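In: structure, please.
(2 chains)
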Number of protein chains: 2
Amino acid sequence: MTSVEKSPLYLFANPRSIAFFGASNNKSSMGSIMLSSLMQFGYEGAIYPVHPKEKQVRGLKAYSNVMDLPESPDLAVLVLPTRLVSQTLEACGQKGITHAIVVSGGFKEVGAQGVTLEEELIQVADRYGIRLLGPNCLGIANPHSKFNPTPFPYMGSPGYIGLASQSGSFVTQMFDYLHQYRLGFSTAFSVGNEANTDLVDCMEYLAACPHTKVIGLYIEGINRGKAFMKTAKEIVPHKPIVALYVGGSETGKKAGFSHTGAMAGPDAVYDAVFRQCGIIRAHSLTELFDYCWALGGLPLPKGPRVAIQTNSGGPGATAADAVGRAGLTMPSLAPETIEKLKALAPPTASVNNPVDLTFMRNPLDMYTRVPEVLLSDPNTDILLIFFLVPATMVHAFMGETAMADGKPEDQGRQAVQSQIDFVCRLLKTSPKPVVGYTWRRLDESVPRGLMAQGIPIFPDPVRAARALAALVRYSRIISGERPHSQKS
Amino acid sequence: MTSVEKSPLYLFANPRSIAFFGASNNKSSMGSIMLSSLMQFGYEGAIYPVHPKEKQVRGLKAYSNVMDLPESPDLAVLVLPTRLVSQTLEACGQKGITHAIVVSGGFKEVGAQGVTLEEELIQVADRYGIRLLGPNCLGIANPHSKFNPTPFPYMGSPGYIGLASQSGSFVTQMFDYLHQYRLGFSTAFSVGNEANTDLVDCMEYLAACPHTKVIGLYIEGINRGKAFMKTAKEIVPHKPIVALYVGGSETGKKAGFSHTGAMAGPDAVYDAVFRQCGIIRAHSLTELFDYCWALGGLPLPKGPRVAIQTNSGGPGATAADAVGRAGLTMPSLAPETIEKLKALAPPTASVNNPVDLTFMRNPLDMYTRVPEVLLSDPNTDILLIFFLVPATMVHAFMGETAMADGKPEDQGRQAVQSQIDFVCRLLKTSPKPVVGYTWRRLDESVPRGLMAQGIPIFPDPVRAARALAALVRYSRIISGERPHSQKS
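Out: Below you'll find the predicted structure:
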């Protein structure tokens, strides 16, 4: 794999300087909003707004003509009316600019007339050797470089999910979504109409990108089928790829076509392509990012055998059911594991799998010594823990006990933090993946604390089990086993 | 259907006075925590703590013996060590108490010895004609009567979902979960080991309960199969029933058995039972409440034809795909609808179905005049709207415009509220169901405002589409059509 700096897409995601077309002092225009995201995030390169009339745009010196710029910037961003795009790109070419993001729509996606305009645009790009992203796209986000020329401000931290998407919304609108899970993008591309940069090019870039641990794809239709398969097959042994394809149903096809003009194919064909390449298929956007979470954030399990820890029967039973339906197994624990658990568990507990601790004298044991014992169990490969947010219990039990003893109330909170720290240390020393689930809000202290340290906490055991099944499937794919059948 | 007051379970959910066993001044005991929930919620009846030593419990006069109570209360709540339960129930019987919730565990769910203890308990109940809920349960919540003797404080408002659950967690831990969606329970029963009050009894109560618009069931195993079917068939024409059954997979069966001792049956048998009764089957707890949301909160559609409104291609395409995969259809809109939309939409819009408005000059039109036109379309039965939280746009467009004009900043917020109000009025005058979806947080102003007025906003179009499919299925069931095949 080549280094990311040598990728033909490198300057899209890491430009040192930008010519920006379409921003003005009218704050509500799309161009202005995008420039605003870029500036807010703290982009450190030079920005040259180009505007026919304004002397300054949002406090930056503006240029009436791209030829007047003091240098040939690494990248041009065009947020202009359709009729101005080709001539502006031509001027960029004359200035020596080699990369351009074209946000403007009105091309292939609007039908015959747009197809002609897009062909003209490609000719200009080809004439000057310009690499084009779009048209009809929403840009790129590379939070590791504080680079975000999209209409939405970036939220949260840089992350490990590399995305190439045929919908710009699934770049921009996922910033806040991913942040809820303490996830983030490494780099996310909105490819738009893919005039001369497509999903395959982005996959190659993301494969080389050192921040990217997993590649997500949102697909309405693949144009270069052979190249897609060849590239995917090269990448999968090194990095997992997860794909959401929506063009396969009649209704999805109808919607996708009017969106980016991509040609969809029958669902079964795409399904076969994904299987053959070792791409894990997701069936919703939620699944796409759930799978990326597990595949990018967890060690690979040796097998599909899950140990479930709960303190409540219903959550244990629904998780057990979800594990089975996702194609994972839930074997009996080893006798030595059961012995160790008996010493820790209250008499009401069930120390079979699922381990239902009911309610323990010392609630701290539940998330410290018990998972430690379960991680050492030789019969299981994965640990799935129900988090009834111990904060609730700890505040009730420890906090009130502490209060009754006249000790400060925040002893409960300290106990919670020490639990989180302990579980996180466990995770880092264990070669087995650990995943949690809860029905509490993810912004409560315990799930938030665990997620911040890299433990996925799913708001439903079905989502947890399916993400774990994706992890097991990838593990089998790269170990050369016949791919596990994918449940829809 | 008999009136709810005549239900044999009425005093469980609506007692005027309670004898409470197991609460003390040790705040961290289970009994104390449950008494605390009951008192915090503002229960208006008399509470008589019974305690061998304490003179007062949490500020209430305590009695050392149930025989000393000044009246024979409607209900006893027992949160006692297993060995004390039978003798305490006997004393309750002697006092003339007719209803008892037994929270204590250590009965059938722990195996042979517990089975014997449970038989003894049933004999005591039978001898005195006591109706028993539990043992091994977490109580009842009837928020309409400010009644919540469970270990968790009730969150949010009373609602329309009646629940009978073989897991107490799915009563108590759902308070906060449902509140996120601005949903609530009408009455929720934790049935525990079902010693002499089971799911069927609770279904009968909920059928008669005027606050209950939809009945949810969490099932690990049904004991009285025939009665279950007979009761369900009587209820379904009047009220929808949604069931989550987890005992059917090998893993689910194993987990459920050690939980409440209920005997699970093969998945296909339960599936057939549900179909035959017209019960809608959910496949996760999330789906259980999603389906309840749609079935309890929306008018029934005339058919499965969905109109999708979006302002962004990817969200439109994923919704279209989800609609198709859920078994719904997405027909072309009527020519007159398309004409009306053309007058409202920007030139970049696609006025096919899905209607993709892209980005409009007046963003307020997007959620006011456009849904009005779509609701009048004769070719479709259901409206599914993507909410990119107009707040974001309105604040960007209206708010900043207003600021530029020197007008107060909260004009944007007012505009948002007026949108919400308009959409909600539309909903109330339209006989078609309207459902939204978004990937934004549900606690943002627009989804929160819409949900508060009864419009379901799902955090994923797959969840929205499946809930709508459940609604269509129920509509077909009660109109006598052959039940639609259920997708798993």
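In: please make it C-alpha for all contacts and neighbour counts, starting now.
Out: Noted.
In: so what strands line up beside the strand or helix carrying A:Val77?
Out: Using DSSP states H and E, A:Val77 sits within strand A:75-78. Here strand A:75-78 is paired, per DSSP bridges, with strand A:17-21 (parallel), strand A:99-102 (parallel).
In: any buried residues in whichever helix or strand comes after that strand, and which?
Out: Remark: after strand A:75-78, the chain's next helix or strand is helix A:82-95, criterion DSSP H and E. Buried residues in helix A:82-95, defined by neighbour count with 16 or more other Cα atoms under 10 Å in any protein chain shown: A:Thr82, A:Val85, A:Ser86, A:Thr88, A:Leu89, A:Glu90, A:Ala91, A:Cys92, A:Gly93, A:Lys95.
In: likewise for stretch A:163-176?
Out: Buried-residue list, stretch A:163-176, by 16+ other Cα under 10 Å: A:163-176.
In: I'd like those as CSV, with distance to chain B appended.
Out: Below are those laid out as CSV (distance: Cα to the nearest Cα, whole Å):
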residue, distance to chain B
A:Leu163, 14
A:Ala164, 13
A:Ser165, 9
A:Gln166, 7
A:Ser167, 5
A:Gly168, 7
A:Ser169, 6
A:Phe170, 7
A:Val171, 10
A:Thr172, 11
A:Gln173, 7
A:Met174, 7
A:Phe175, 10
A:Asp176, 7
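In: let's check: the centremost residue of chain A is which one?
Out: Centroid check for chain A by Cα atoms, centre = their mean gives A:Ile161 as the closest residue, at 4.0 Å.
In: my guess is that one contacts A:Pro210. True?
Out: No - checked against Cα atoms under 8 Å, the pair A:Ile161 and A:Pro210 is beyond contact range at 11.0 Å.
In: for the closest residue in space to A:Ser312 that isn't next to it in sequence, pull up the helix or strand it's in.
Out: Nearest non-adjacent residue to A:Ser312, counting by Cα to Cα, 6 or more residues apart in numbering or on different chains: A:Thr358, 5.5 Å away. For A:Thr358, there is no host helix or strand (DSSP H and E).
In: what is the neighbour count of A:Thr358?
Out: When neighbours are defined as other Cα atoms under 10 Å in any protein chain shown, A:Thr358 has 17 of them.
In: any idea how far the closest residue to A:Ser157 other than its chain neighbours lies from B:His179?
Out: Distance criterion Cα to Cα, 6+ apart; nearest residue to A:Ser157, sequence neighbours excluded, is A:Gly184 at 5.9 Å. Between A:Gly184 and B:His179 the distance is 28 Å, computed by Cα to Cα, to the nearest Å.
In: out of the two, which sits in the more crowded spot?
Out: Set A:Gly184 next to B:His179 and count neighbours by other Cα under 10 Å: A:Gly184 wins out with 27 against 18.
In: what sits against that one?
Out: Neighbouring residues of A:Gly184 by Cα atoms under 8 Å, 6 or more residues apart in numbering or on different chains: A:Gly156, A:Ser157, A:Pro158, A:Gly159, A:Tyr160, A:Ile161, A:Phe175, A:Leu178.
In: next step: those restricted to strands.
Out: Among the contacts of A:Gly184, DSSP state E puts A:Ile161 in strands.
In: for A:Ala243, state which of the contacts of A:Gly184 is nearest.
Out: For the contacts of A:Gly184, the minimum distance to A:Ala243 (Cα to Cα) is 12.5 Å, reached by A:Ile161.
In: state the distance from that closest one to A:Phe170.
Out: Distance, A:Ile161 to A:Phe170, using Cα to Cα: 13 Å.
In: out of the strands paired with strand A:75-78, flag the one nearest A:Ile338.
Out: strand A:99-102 (59.3 Å).
In: buried ones in that closest one?
Out: Within strand A:99-102, the residues that qualify as buried are A:His99, A:Ala100, A:Ile101, A:Val102, counting by 16+ other Cα under 10 Å.
In: and the residues you listed, which two are the farthest apart?
Out: So, these by Cα to Cα: farthest apart are A:His99 and A:Val102, at 9.9 Å.
In: between the two, which contacts overlap?
Out: A:Leu132, A:Leu133.
In: give me phi/psi at A:Val246?
Out: Phi and psi for A:Val246, reported as degrees, to the nearest 10, are phi -110, psi 0.
In: show me what from the stretch 101-250 of chain A comes close to chain B.
Out: Counting by Cα under 8 Å from any Cα of the partner chain, the stretch 101-250 of chain A comes close to chain B at A:105-106, A:110, A:166-170, A:173-174, A:176-177, A:220, A:246-250.
In: surely A:Val171 forms part of a helix?
Out: Yes - under DSSP: H, G, I helix; E, B strand; the rest coil, A:Val171 falls within a helix.
In: that one and A:Thr187 touch, don't they?
Out: No - using Cα under 8 Å as the test, A:Val171 is too far from A:Thr187 to be in contact (9.5 Å).
In: anything in contact with each of these two?
Out: A:Ile140, A:Ala141, A:Leu163.
In: got TSV for those, with pLDDT too?
Out: Formatted as TSV, these follow (pLDDT from 0 to 100):
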residue	pLDDT
A:Ile140	97
A:Ala141	98
A:Leu163	98
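In: in strands, which of those appear?
Out: Using DSSP E, the shared contacts of A:Val171 and A:Thr187 in strands are A:Ile140, A:Ala141, A:Leu163.
In: in contact with the first one, which residues?
Out: Counting by Cα under 8 Å, 6+ apart, A:Ile140 makes contact with A:Phe12, A:Ala13, A:Phe147, A:Asn148, A:Pro149, A:Thr150, A:Val171, A:Thr187, A:Ala188, A:Phe189, A:Ser190.
In: gap between it and A:Ser37?
Out: With Cα to Cα as the criterion, A:Ile140 and A:Ser37 are 11 Å apart.
In: for the residue in the stretch 1-150 of chain A that chain B sits nearest to, helix, strand, or coil?
Out: Nearest residue of the stretch 1-150 of chain A to chain B, counting by Cα to the nearest Cα: A:Ser28, 5.4 Å away. Classification of A:Ser28 by three-state DSSP places it in coil.
In: mind putting the strands paired with strand A:75-78 in CSV, mean pLDDT included?
Out: What follows is these, written out as CSV (pLDDT from 0 to 100):
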stretch, mean pLDDT
strand A:17-21, 98
strand A:99-102, 98
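In: now the ones you listed in CSV, with distance to B:His238?
Out: Output for the strands paired with strand A:75-78, formatted as CSV (distance: least, Cα to Cα, whole Å):
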stretch, distance to B:His238
strand A:17-21, 61
strand A:99-102, 56
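In: out of the ones you listed, nearest to A:Ala320?
Out: Nearest of those to A:Ala320, taken as Cα to Cα: strand A:99-102 at 47.8 Å.
In: buried residues of the helix or strand following the closest one, list them for me.
Out: Per DSSP H and E, the first helix or strand lying C-terminal to strand A:99-102 is helix A:112-128. Of the residues in helix A:112-128, those buried under the neighbour-count criterion (16+ other Cα under 10 Å) are A:Gly114, A:Val115, A:Leu117, A:Glu118, A:Leu121, A:Ile122, A:Val124, A:Ala125, A:Tyr128.
In: which strands and helices sit next to helix A:112-128?
Out: Applying 3 or more Cα pairs under 8 Å, 6 or more residues apart in numbering or on different chains; DSSP states H and E, one finds that helix A:112-128 contacts helix A:82-95.
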